[in-house]
Every structure is written in structure tokens, then in C-alpha cells.
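A.B. asks: any chance you can model this:
(2 chains)
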2 protein chains.
Amino acid sequence: MISIGIDIGGTAIKGVLTDSDRGELARTQRPTLAAESRDATITQLHACIEELSAQSPMQVLAGIGLGVPGAIDHAQGLVLHPPNLPDWDAVPLVDILARRWSVTVRLENDANCAALGERHYGAGKAHDHFVALTLGTGVGGGIIVNGRIYHGQRGFAGEFGHITLDPDGPVCNCGNRGCIEAYLGMQYLMREAIAVLRKDTGSVLHIPATEDADHLTPKDLSEAAMRGDQSCKNILHRAGLRLGIVIASVANLLDITTFIIGGGIAGAGAPLFRGIEESARTRVLKVHRDSLTILPAELGNDAGMLGAASLLR
Amino acid sequence: MISIGIDIGGTAIKGVLTDSDRGELARTQRPTLAAESRDATITQLHACIEELSAQSPMQVLAGIGLGVPGAIDHAQGLVLHPPNLPDWDAVPLVDILARRWSVTVRLENDANCAALGERHYGAGKAHDHFVALTLGTGVGGGIIVNGRIYHGQRGFAGEFGHITLDPDGPVCNCGNRGCIEAYLGMQYLMREAIAVLRKDTGSVLHIPATEDADHLTPKDLSEAAMRGDQSCKNILHRAGLRLGIVIASVANLLDITTFIIGGGIAGAGAPLFRGIEESARTRVLKVHRDSLTILPAELGNDAGMLGAASLLR
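C.D. replies: The predicted structure is shown next:
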């Protein structure tokens, strides 16, 4: 089955042409032009599809899957004012594309697409039940039950980032206190990291944290940790311990014991994953202790578009 | 459709004969005799079924549904060493009853049965998606998705009580720290309550808490609160605030916004429910704020057997 998958991000639109048997056939990428206008973004979207569909006869194309960074009205095929696409309100994206391309169009939010990508092409291939987490600006989640996305009542399920870790914790973007995102979301993680690194004169990141903190990213922490920087290892280990607490809660609630962790700081590897293992495996109910499986995501930034392509299955 | 539902509790076996259209036709109850032996309990079970089936011709009976207080191996129809039935290991209860009664037998854990009971006969009749919570010795949960029990990977889903409220909180029976059950489970709630009541010489429960604390129950707190005792109202209000934090997390994760609260202290009414409302509605993501619905359970101790009867549907 041939399909196109598109991941509409705040900065880039990424597209892939896939065959469900053979995998990726072609890919493309264009700037989203989010700051210009909604129409500019949609023109870029059409150009991506044009380019990919040129590599495959239209009559064999099963359809187009779209991953979008925000909430969706599944019944009406609307994208609902995605925060990273400021000119978009409620956009009938399914209709717009179906009219132009005369194929089936499926819409899904980007965290769910990433989960589906890992399910069909990545770390989730052997797992019918898992939660995929993306540690980026926020903490995104997608829940896979019996191999399919769990949507919840209105399609908003998977907001793992807004599970409370500590009721008295720091204020989160959502307005609540102590959400796990208020510890692991990029800005929160970096704020805490910078305070630590400014005090640690021995860290390779001490000077950047003191003099150029605004440009420091989770990737810098990961790289310094991999080079052996103890403060950076500690920061990522603590992030892992915190994430593991919430993972244990979710495993207990859902009886799902596989967690696939991707996104920026997940690349940090050992210290983060060691932290997750330590707290999740200790805290989860005994019945789950042996089956708990924490895996790094395998597809990086490609998970979204590959998952979008698999929406046609 | 006529079916029998049985709720096997640690002290009593409760049974009901139901018609899916007309509701309850007959009920019975016998002591579980858990301390005697497994066979004694099974004999009691057969006696309940005998009594109920005598009220209905066997040929119209769709089957027997059983709610049991523990984990279940659904594939093999086993009850797995329920903690309140000490003489039971892995008991093939489906086989035992099917051989004796020659009808379909379905097995489910008691928290899920209670959820299903509320779904078909109680507060959940109008709700396809909800989480039912039972505040008793522990904090039990059953998740209803699209009108059916969500089981998870191995049938262990719904352990709402073992979601972490505070990672540094009191030690829970499960070995973890700060589970919501370690605040709201009966022994934990009463321990905290007794400490408060011993200090409050104005409380109607001051003397019992000081002189006869072992016999004080959540029901006493509820009754005192209903009569206006301020300390008891505060204790139940604080329990509600805590529960609401976890409810908000679960609503965010699952996109399920209806919660049905039953069990001992739920009868306390106003102060508990006000606490839940206050914290859950403030903390939940904005998208859920208006749809969040917190309902008292309607069936009390009958939820389990009625839910068990509806397993045959």
C-alpha cells in the first residue's frame, strides 16, 4: 500500500512517500512559513505532496496522512488553532486536501503520529501496547492500545506531560502546578540546569551557562553528559528519576508496561534512561516489575511523517 | 436477557438475578466463610446460584457473571490468589462453575464489576466513557471506554489507587511512596484523621479518637461531617482536594472527563465532593474544564453484583 505522510511542524513541513511493505520510497522537506500566512503554509503543503506524488502513479496512492501540531476535530476533519501556526484558526484541512488531490485524507495530532511511526517502523514494532513520549518543548504522549491510537472521548488523549508530579511544584504553561512538563519541558529543564551549571565551575558548560545561557539547549546537556560532565549527567539522571515516577503511575493505571522515549533529551542516553529505570521499576506495582520495558525511540524526527503515512492502513 | 451476577467479597457473597430490560428480579446473600476453606466458599457460591436460579428456568439463563476481589487470568478463567480469600491460590473458577451449572460463566475483578454496574444501572447510564472509583480499604478503579471495561495488556488496568500523588509521601501498602491510596485508603485516612481529632477538643469525635481510636471508621467521619463537625469536614475536604489532583491528571492523560465516586467515604457527600471539584476543575487542562463531571456512585454495595450480572451482555 502506497501512501504519503506529512508532518506539519512549526518550522518545517516534512513529507514521505511510503510503501507499507517496502518502507520509505522518497522524502521531501520545505519551510512551513508559519509567520507568513495560512495560505503560504498550505501552498508549501501542496508542493510537498506534488513532489512526492510525482514519484508514484496517483491511482495506486491509498491516500495522504497528516500530522499536525495541535488539537483536531476528527468528526469534521478540522485542525483547531495549533499554537505554532498562529494564522490558523479552525482549518478544514481534510476537505482542502481531498478536493485538491481526490484521495483519502486522514488527520492526526503529531504526538499520536510519532507513536504510530514507532509502532510501524521503529521501537514499537514488536509491541501492541505502549506509550510513546516525546521530550521536546513540551512532553508529548501517544497511547497505543492493541496496535492502534487510543483517542479518548474527543481525541485529546495522551497528554502525559500534564500529569501532576508534585502538587506544589513549579507552575506549568497550562496553568497547573507541578506537571511533569514543568520539570522536563525544554524551558523548565534548561532553567534548572543553568542554575546548577552556574555554580559548578568544573563543568564544561559553566562558562556558556554563565555568559550565554539563552543559547544553551538540552542537546548541549546531552553532549556534555556523553563526554562525561558530571553535573550534566546528574541533571539528566534527575530528569529520568522524575519521568520514571509518572511512568510507574501510568503503567499501574493502564496496565501498559512498554514506554518508548524520544525527542531532544532522550538522545542523552545512559543517564536519563538509568534514572527512568531506577524510579519506574522500583515504584511500579510488583505485578508489572518484570515486564516494564523502557526503550529509546528509533526514528527521531522522522517518526511523525512515517506515522502520518501509516494512518492510511 | 436473564443472568446471575455474584460479587464474592471477603466477608459476604452477594448474588442477584437480573433481566437486562426489567433490572433486578431477586437477590441473596451468604457469608463467604473465607477463613474456613476454599471449598467452603465455593459451596456457599453454589448455594447462592442454586437459590437464584430456582427463580428462573435454567434454559433462559444467559449465564453467570462473577466479580472477585483480586487479579484474574482472563485467558484461562483463573482467580489469582485474592488477598481477602487466604485459602485461594490460582482457582479455575470459570471451569468449576461451568461444569456444575452448564452455562456461560464470565469472570471480572470487583472494581471493574462496580464500574460496569454503575454503567448499566447507576450513575454511568448516560456516559460511554468514565472512570469509576471506589474509596474503601483501598482506592479501586475501573475504566470504561466506549461503554466497555478497558482491561490493558493483561487485565490489570484501573489501579487508580497506585498513581503517585506525592513522590515523597507516606509509604503505601504496595511498597511505593505517596500513592493516592496512601492518603485515602481507610487505614491511612483514619490514621491522619485520628491525629487531627485528638487535638480538636471541640470535635464530636474527640473522645472516641482519644479513647477508642481503633473502632473509628470513615463512616463516623462522614456522619460527624454531615452533622456539621468542622474537623471532620476539613479532613474529608482535604481528601477531596487530593483526589481531585489525581483525577485531573487522569482526565488529561485519557481524555475521559466523567468520574463516578463510590465506596465508604464517598457517602460523606458535600465536603469530599467540594474538595474534588475545587482541585480537579482548577488543575485539569482548559479543554476539559467545562466537561469535567464528578458524580456520586448510585448503587452502593450493589454495584459489584449488578455489574457481574451485566458481564453476560
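
A.B. asks: CA atoms for contacts and neighbours, from now on please.
C.D. replies: Fine.

A.B. asks: which residues touch the residue in the stretch 1-150 of chain A positioned nearest to chain B?
C.D. replies: Proximity of the stretch 1-150 of chain A to chain B (Cα to the nearest Cα) peaks at residue A:129, 6.7 Å away. Neighbouring residues of residue A:129 by Cα atoms under 8 Å, 6 or more residues apart in numbering or on different chains: A:143, A:144, A:145, A:146, A:147, A:256, A:257, A:258, B:153.

A.B. asks: interface residues of chain A facing chain B?
C.D. replies: A:129, A:145, A:151-160, A:162-167, A:174-177, A:245-246, A:248-250, A:252-256, A:282-286 (Cα under 8 Å from any Cα of the partner chain).

A.B. asks: confirm that residue A:24 sits in a strand.
C.D. replies: Yes: counting by DSSP: H, G, I helix; E, B strand; the rest coil, residue A:24 is part of a strand.

A.B. asks: quick check: phi and psi at the residue nearest to the spatial centre of chain A.
C.D. replies: Computing the C-alpha centroid of chain A and ranking residues by Cα atoms, centre = their mean puts residue A:134 first, at 3.6 Å. Note on residue A:134: its backbone torsions stand at phi -120, psi 120 [degrees, to the nearest 10].

A.B. asks: beta partners of it?
C.D. replies: Assessed by DSSP bridges, residue A:134 has beta-bridge partners residue A:140, residue A:262.

A.B. asks: for it, give its distance to residue A:270.
C.D. replies: Residue A:134 is 17 Å from residue A:270, where distance means Cα to Cα, to the nearest Å.

A.B. asks: pLDDT score for the residue of the stretch 1-150 of chain A closest to chain B?
C.D. replies: At residue A:129, the pLDDT value in this model is 98.

A.B. asks: grab the nearest non-local neighbour of it.
C.D. replies: residue A:145 (4.7 Å; Cα to Cα, 6 or more residues apart in numbering or on different chains).

A.B. asks: what about that neighbour, how many neighbours?
C.D. replies: 19 (other Cα atoms under 10 Å in any protein chain shown).

A.B. asks: from residue A:46, how far out is it?
C.D. replies: Separation of residue A:145 from residue A:46 (Cα to Cα): 32 Å.

A.B. asks: what's the answer for residue A:173, then?
C.D. replies: Counting by Cα to Cα, the gap from residue A:173 to residue A:46 is 33 Å.

A.B. asks: same question, residue A:212
C.D. replies: Counting by Cα to Cα, the gap from residue A:212 to residue A:46 is 40 Å.

A.B. asks: one more: residue A:161?
C.D. replies: 32 Å.

A.B. asks: who has more neighbours, the two?
C.D. replies: residue A:161 (28 against 15).

A.B. asks: now do the contacts for that one.
C.D. replies: Counted by Cα under 8 Å, 6+ apart, residue A:161 has contacts A:138, A:139, A:140, A:141, A:179, A:180, A:181.

A.B. asks: between these, which sits nearest residue A:2?
C.D. replies: Of all the contacts of residue A:161, residue A:2 sits closest to residue A:141, with 26.9 Å by Cα to Cα.

A.B. asks: my read: that closest one touches residue A:158, true?
C.D. replies: Yes: counting by Cα atoms under 8 Å, residue A:158 is a contact partner of residue A:141 at 4.8 Å.

A.B. asks: common neighbours of these two, please.
C.D. replies: Residues touching both residue A:141 and residue A:158 by Cα under 8 Å, 6+ apart: residue A:112.

A.B. asks: need the distance between the two termini of stretch A:15-23.
C.D. replies: So stretch A:15-23: terminal residues 13 Å apart, Cα to Cα.

A.B. asks: which residues are contacting it?
C.D. replies: A:1-7, A:24-29, A:48-49, A:52-53, A:121, A:305-306, A:309-310.

A.B. asks: quick one: residue A:119 and residue A:131 touch, right?
C.D. replies: No: counting by Cα under 8 Å, residue A:119 does not reach residue A:131; the two are 10.2 Å apart.

A.B. asks: number of residues surrounding residue A:97?
C.D. replies: Counted with other Cα under 10 Å, residue A:97 comes out at 20.

A.B. asks: how about the one 3 residues further on?
C.D. replies: A count of nearby residues for residue A:100, using other Cα under 10 Å, gives 9.

A.B. asks: one more: residue A:195?
C.D. replies: Other residues close to residue A:195 by other Cα under 10 Å number 14.

A.B. asks: please identify which helix or strand holds it.
C.D. replies: In this structure, residue A:195 is located in helix A:186-199 according to DSSP states H and E.

A.B. asks: how far does that helix sit from its chain's centre?
C.D. replies: Between the centre of helix A:186-199 and the centre of its chain there are 22 Å (Cα atoms, centre = their mean, to the nearest Å).

A.B. asks: dump the C-alpha coordinates for it into CSV.
C.D. replies: C-alpha atoms of helix A:186-199 as CSV (Å, rounded to 0.1, in the frame of the first residue of the first chain):
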residue,chain,number,x,y,z
MET,A,186,12.7,22.4,27.4
GLN,A,187,12.5,25.8,29.1
TYR,A,188,12.0,24.3,32.6
LEU,A,189,14.8,21.8,32.2
MET,A,190,17.2,24.5,31.0
ARG,A,191,16.2,26.9,33.7
GLU,A,192,17.1,24.4,36.4
ALA,A,193,20.2,23.2,34.5
ILE,A,194,21.6,26.7,34.1
ALA,A,195,21.3,27.4,37.9
VAL,A,196,23.2,24.2,38.6
LEU,A,197,25.9,24.8,35.9
ARG,A,198,26.5,28.4,37.0
LYS,A,199,27.5,27.0,40.4
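
A.B. asks: buried residues, that helix. List them.
C.D. replies: For helix A:186-199, burial by neighbour count (16 or more other Cα atoms under 10 Å in any protein chain shown) applies to A:186, A:187, A:188, A:189, A:190, A:193, A:194, A:196, A:197, A:198.

A.B. asks: so the last one touches residue A:212, yeah?
C.D. replies: No: under the contact definition of Cα under 8 Å, residue A:198 does not touch residue A:212, with a separation of 10.9 Å.

A.B. asks: overlap in contacts, those two.
C.D. replies: Shared contacts of residue A:198 and residue A:212, defined by Cα under 8 Å, 6+ apart, are absent.

A.B. asks: most distant residue from the middle of chain A?
C.D. replies: Distance to the chain centre peaks in chain A at residue A:201, reaching 33.9 Å (criterion: Cα atoms, centre = their mean).

A.B. asks: what's the distance between it and residue A:224?
C.D. replies: 14 Å.

A.B. asks: do residue A:52 as well
C.D. replies: Residue A:52 is 39 Å from residue A:224, by Cα to Cα.

A.B. asks: the helices in the stretch 201-313 of chain A, which residues?
C.D. replies: For the stretch 201-313 of chain A, the helices defined by DSSP state H, counting those that start in this stretch cover A:206-211, A:218-226, A:230-254, A:270-283, A:286-289, A:303-309.

A.B. asks: quick check: which of those helices is buried the most?
C.D. replies: helix A:303-309 (a mean of 32; mean count of other Cα atoms under 10 Å in any protein chain shown).

A.B. asks: so what touches that helix?
C.D. replies: Outside helix A:303-309, the residues that touch it by Cα under 8 Å, 6+ apart are A:3-7, A:14-18, A:64-67, A:107-108, A:110-122.

A.B. asks: so how far is it off the chain centroid?
C.D. replies: With Cα atoms, centre = their mean as the basis, helix A:303-309 stands 11 Å off its chain's centre.
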